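**Q** coordinates only, sequence not included:
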């Protein structure tokens, strides 16, 4: 019979132990460095730390660049506001019978009839010496 009160005291001690435990956080609560709310609460913690708008590494690199607006082989020139015709291409070491335009910092070779870009020749400074 004397066992029963001792067993009850032991059970209460075991049950009360978690309430007496250290709450952790070293007095800072549960929002200490690295574990607070991120700017975008739907972001996984690894992406939230990168600061790139919660985009995975492969997609973060696919932002628009200056290269996206440059002419490519196969494109057609329809807007002549941003290109300048090179009148005497033979003077610059280019094919004298070809049609060449200067677009931004590039010289491009164009089909005379279809205005389709045939080749990106190179930088203006290297070809035209300017």
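**A** Here it is on my side, so go on. Quantities reported herein were computed from a predicted structural model and do not represent experimental measurements.

**Q** I'd like the average pLDDT over the helix of greatest length in the chain.
**A** Ranked by residue count and defined by DSSP state H, the top helix of the chain is helix 3-20. Across helix 3-20, pLDDT averages out at 77.

**Q** do the same with stretch 58-73
**A** pLDDT averaged over stretch 58-73 gives 66.

**Q** the longest helix of the chain: what's the following helix or strand?
**A** Using DSSP states H and E, the helix or strand that directly follows helix 3-20 along the chain is helix 45-48.

**Q** so who does residue 72 touch?
**A** Neighbouring residues of residue 72 by CB atoms under 8 Å, 6 or more residues apart in numbering: 117, 120. C-beta here means a position set from N, CA and C on the backbone, and glycine is covered the same way.

**Q** distance of it relative to residue 106?
**A** Distance, residue 72 to residue 106, by CB to CB, to the nearest Å: 11 Å.

**Q** verify the stated contact: residue 100 with residue 94.
**A** Yes - between residue 100 and residue 94 there is a contact under CB atoms under 8 Å: 5.7 Å.

**Q** between the two, which contacts overlap?
**A** Shared contacts of residue 100 and residue 94, defined by CB under 8 Å, 6+ apart, are found at 86, 107, 109, 121.

**Q** domain-wise, how is this structure divided?
**A** 23-63, 66-127 (automatic domain parsing).

**Q** so what strands line up beside the lengthiest strand in the chain?
**A** Under DSSP state E, the strand in the chain containing the largest number of residues is strand 117-123. Applying DSSP bridges, strand 117-123 is found paired with strand 106-110 (antiparallel).

**Q** can you list contacts of the partner strand?
**A** For strand 106-110, the external contacting residues (CB under 8 Å, 6+ apart) are 70-71, 77, 83, 86, 94-95, 98-102, 116-124, 127-128.
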